[in-house]
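J.: pasting a predicted model and its sequence here:
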Amino acid sequence: MSATAENPPAAATATATATAVTMTAAPSTTTKPVEERVCARVITDDPLYRTIPVALRFAPAEPLAVRIVFPADLSPEGTDNEWVFPRALLEAGLQAPTGTGDVRIWPCGRVQAVVEFHSPEGVAVIQFDIAALRRFLRRTYAPAGAATRRA
């Protein structure tokens, strides 16, 4: 289910830019890769939810993009499932519903955010703690040397 999301609408980009400035004192971007490992919840019709490990990644070579990587054991092909989409989309989605393409993001209450992934195989709905996503985004904007790799 890998896909590249569409760019967010202009309003979302403006919101995301404002959010990025408030997230850090300096708008400079780190020169080191950033990886944050978090637990997320798969949302289904089942009243019980399943927690899965997810890697959030940022590469300075692609300063406008972030990656969400799901482990290989969740994929029918047995390979990591990686989604690449605009960092601005993730930022904007923590404030208000955003996205019209393969990736859609919206806040769910004060502490959760939902990320919806669309592919030809279907739709996956994943819930994240907003604090973990904000921490990851802050690290992507940290000055060089301040962002260290987490495993």
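T.: Looks like it arrived, so ask away.
J.: alpha carbons only for contacts and neighbour counts from here, please
T.: Fine.
J.: surely residue 56 is in a strand?
T.: Yes. Using DSSP: H, G, I helix; E, B strand; the rest coil, the secondary structure at residue 56 is a strand.
J.: just give the number of residues close to it.
T.: Applying other C-alpha atoms under 10 Å, we find 20 residues neighbouring residue 56.
J.: mind listing what it touches?
T.: The contact partners of residue 56, by C-alpha atoms under 8 Å, 6 or more residues apart in numbering, come to 34-38, 66-69, 136.
J.: and the strands in the chain, which stretches?
T.: Taking DSSP state E as the criterion, the chain carries its strands at 3-4, 34-43, 50-58, 65-70, 81-86, 103-108, 112-119, 122-129.
J.: ok, which of these comes nearest residue 143?
T.: Checking the strands of the chain against residue 143 by C-alpha to C-alpha gives strand 34-43 as the closest, at 12.0 Å.
J.: which strands and helices sit next to the closest one?
T.: Using 3 or more C-alpha pairs under 8 Å, 6 or more residues apart in numbering; DSSP states H and E, the elements in contact with strand 34-43 are strand 50-58, strand 122-129, helix 130-141.
J.: my guess is residue 92 meets residue 98, correct?
T.: Yes. Judged on C-alpha atoms under 8 Å, residue 92 makes contact with residue 98 at a distance of 6.5 Å.
J.: any idea how far residue 42 is from residue 68?
T.: Counting by C-alpha to C-alpha, to the nearest Å, the gap from residue 42 to residue 68 is 14 Å.
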